[in-house]
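Novice: following is a predicted model, sequence given first.
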Amino acid sequence: MSMIDATDPAAIAALTAVVAPRLAAWLPATPLVTSAWLGGQHGAQVVAKLENLQPTGSFKVRGAFARLLNLTPDERTAGVVTASSGNHGAAVAYAAQALGLAATVVVPVGVAAAKLAGMQRCGADVRLVGDDSHDAEVAARALADATGRVYVSPYNDPWVIAGQGSLAHELLAQSAPLDLVIIAVGGGGLIAGVAATLRARWPGVTIIGAQPAASAVMYHSLAAGRIVGHTAAPTLSDGTAGGVDEDSITLPLCQRLVDAIVCVDEHEIAAALRYGIADLRVVAEGAAGVALAAAARPGSIPRGSRAAVVICGGNIDLPRLAAVLAG
């Protein structure tokens, strides 16, 4: 595909239309299920998109396949480098193994054990560096530059964003037009890809992002009009925690596509995870709990509307899950 303006939602939607059929050969569509809990609370029709049922337990595998399928023959031979708090690394490791490529994944020292194990099972060379995903990204980019390999960004890449947008292609096929979609936000790749694709078909859909108040870089960046550093505290939502590249194409996309970002606290996230298990019969990770918590707030979903919440992943360590269930 010729060079595109990666900050143009129409261009991302067009790229997603190219990517989605390719991914269908590797990834089955994930289910869309009704949430009796949220629907009853708001007097609305609310569905949940179960990305926790992806092969790696997270939506990230969409973007990983999209990027790796677009490598040149020489790039495939050299292999790839990436950085991740866990889910993106597992996704790149899984896609690389499926496509016969070598992958090195740089992760922060505190990465969840379940996510680390997933990367290692796929044969990736896993290296622990730094305290958060931003530290890992800096180290991974340096390694890619030094070895001449492609760095696969978790979010700052049009192919990755288009891959995440394939989720919206499935929503378009699975659902009548939606009034509202709620999505957890870290670097912004998922919400940008989904929003660009949905708006191309459903121009009136409202797109709401959700972040943990403890680590809400995109929220503060949208308020400032530029990527800003923000001190992060520990959060159940490790999949969305950390910084964002200063030149990230996701900021202008979010500026144009996201109607608002809601910040939720740790008690809300934990409660939402418990309700999610009881209501949807699925185990979700903290990032998915962020979206559920935003959806659970009074008034968040208009009465009589049709809404969707993305359950972005289900990779949560057993000790953390046990603590959440204990309340």
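Specialist: Sure thing, it's come through. Predicted model only: the values in this text are computed from it and were never measured.
Novice: can you pull out the helices in the stretch 1-150 of the chain?
Specialist: Secondary structure of the stretch 1-150 of the chain (DSSP state H, counting those that start in this stretch): helices located at 9-24, 36-42, 60-68, 73-78, 87-99, 113-121, 133-147.
Novice: show me the shaky parts of the stretch 101-250 of the chain.
Specialist: For the stretch 101-250 of the chain, no stretch is flagged by pLDDT under 70.
Novice: what segments of it are strands?
Specialist: All strands of the stretch 101-250 of the chain, identified by DSSP state E, counting those that start in this stretch, fall at 103-107, 125-128, 150-152, 180-184, 206-212.
Novice: what would these look like in JSON lines with mean neighbour count and distance to residue 116?
Specialist: Any C-beta I mention is one placed from the backbone N, CA and C, and that applies to glycine too. Below are the strands of the stretch 101-250 of the chain laid out as JSON lines (neighbours: other Cβ atoms under 10 Å; distance: least, Cβ to Cβ, whole Å):
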{"stretch": "strand 103-107", "mean neighbour count": "27", "distance to residue 116": "7"}
{"stretch": "strand 125-128", "mean neighbour count": "16", "distance to residue 116": "7"}
{"stretch": "strand 150-152", "mean neighbour count": "22", "distance to residue 116": "18"}
{"stretch": "strand 180-184", "mean neighbour count": "27", "distance to residue 116": "21"}
{"stretch": "strand 206-212", "mean neighbour count": "26", "distance to residue 116": "21"}
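Novice: quick one: these as a markdown table, columns for distance to residue 86 too.
Specialist: Putting these into a markdown table (distance: least, Cβ to Cβ, whole Å) gives the following:
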| stretch | distance to residue 86 |
| --- | --- |
| strand 103-107 | 7 |
| strand 125-128 | 10 |
| strand 150-152 | 15 |
| strand 180-184 | 14 |
| strand 206-212 | 15 |
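Novice: pretty sure residue 140 sits against residue 88.
Specialist: No. Counting by Cβ atoms under 8 Å, residue 140 does not reach residue 88; the two are 10.7 Å apart.
Novice: quick check: neighbours shared by the two?
Specialist: residue 82 (Cβ atoms under 8 Å, 6 or more residues apart in numbering).
Novice: counting neighbours, go ahead and name the busier of those two.
Specialist: residue 88 (32 against 28; other Cβ atoms under 10 Å).
Novice: residue 190 is in contact with residue 254, correct?
Specialist: No. With contact defined as Cβ under 8 Å, residue 254 does not reach residue 190; the gap is 10.8 Å.
Novice: would you mind telling me which of those two has the busier surroundings?
Specialist: residue 190 (33 against 24).
Novice: contacts only, for that one.
Specialist: Taking Cβ under 8 Å, 6+ apart as the test, what residue 190 contacts is 59, 155, 164, 167, 183-184, 310, 312.
Novice: contacts for stretch 273-284?
Specialist: 33, 35-38, 48, 50, 52-53, 236, 286, 288-289, 292, 296, 311, 313-314, 316, 321, 324-325, 327.
Novice: quick one: buried ones out of the residues you listed?
Specialist: Buried members of the contacts of stretch 273-284, counted by 16 or more other Cβ atoms under 10 Å: 35, 37-38, 48, 50, 52-53, 236, 286, 288-289, 292, 296, 311, 313-314, 316, 321, 324.
Novice: per-domain residue ranges of this structure.
Specialist: Domain segmentation of the chain under automatic domain parsing yields 9-59+158-326, 60-152.
Novice: residue 3 is nearest to which of these?
Specialist: Minimum separation from residue 3 across the domains of the chain (Cβ to Cβ) falls at domain 9-59+158-326, 9.7 Å.
Novice: and the end-to-end length of that closest one?
Specialist: 43 Å (Cα to Cα, to the nearest Å).
Novice: try stretch 253-270
Specialist: Stretch 253-270 has an end-to-end distance of 30 Å (criterion: Cα to Cα).
Novice: for that stretch, give me every contacting residue.
Specialist: Applying Cβ under 8 Å, 6+ apart, the contact partners of stretch 253-270 are 7, 9, 12, 161, 185, 188, 191-192, 195-196, 199, 206-214, 216, 218-219, 222, 225, 235-237, 272, 286, 289-290, 293-294, 296-297, 300, 324, 327.
Novice: related to what we said a few turns ago, now render the domains of the chain as TSV, adding distance to residue 3.
Specialist: Listed next are the domains of the chain as TSV, based on distance: least, Cβ to Cβ, whole Å:
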stretch	distance to residue 3
domain 9-59+158-326	10
domain 60-152	13
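Novice: can you tell me the element the spatially closest residue to residue 239 that is not a sequence neighbour falls in?
Specialist: By the measure of Cβ to Cβ, 6 or more residues apart in numbering, the closest residue to residue 239 outside its immediate chain neighbours is residue 287, 3.7 Å from it. In the assignment (DSSP states H and E), residue 287 maps to helix 286-296.
Novice: by contact count, what packs against the helix or strand just after that helix?
Specialist: Downstream of helix 286-296, the first helix or strand assigned by DSSP H and E is strand 306-311. Judged by 3 or more Cβ pairs under 8 Å, 6 or more residues apart in numbering; DSSP states H and E, strand 306-311 is in contact with helix 36-42, strand 45-50, strand 180-184, helix 286-296.
Novice: figure out how far strand 306-311 is from the centre of its chain.
Specialist: Its chain's average C-alpha position is 14 Å from that of strand 306-311, according to Cα atoms, centre = their mean, to the nearest Å.
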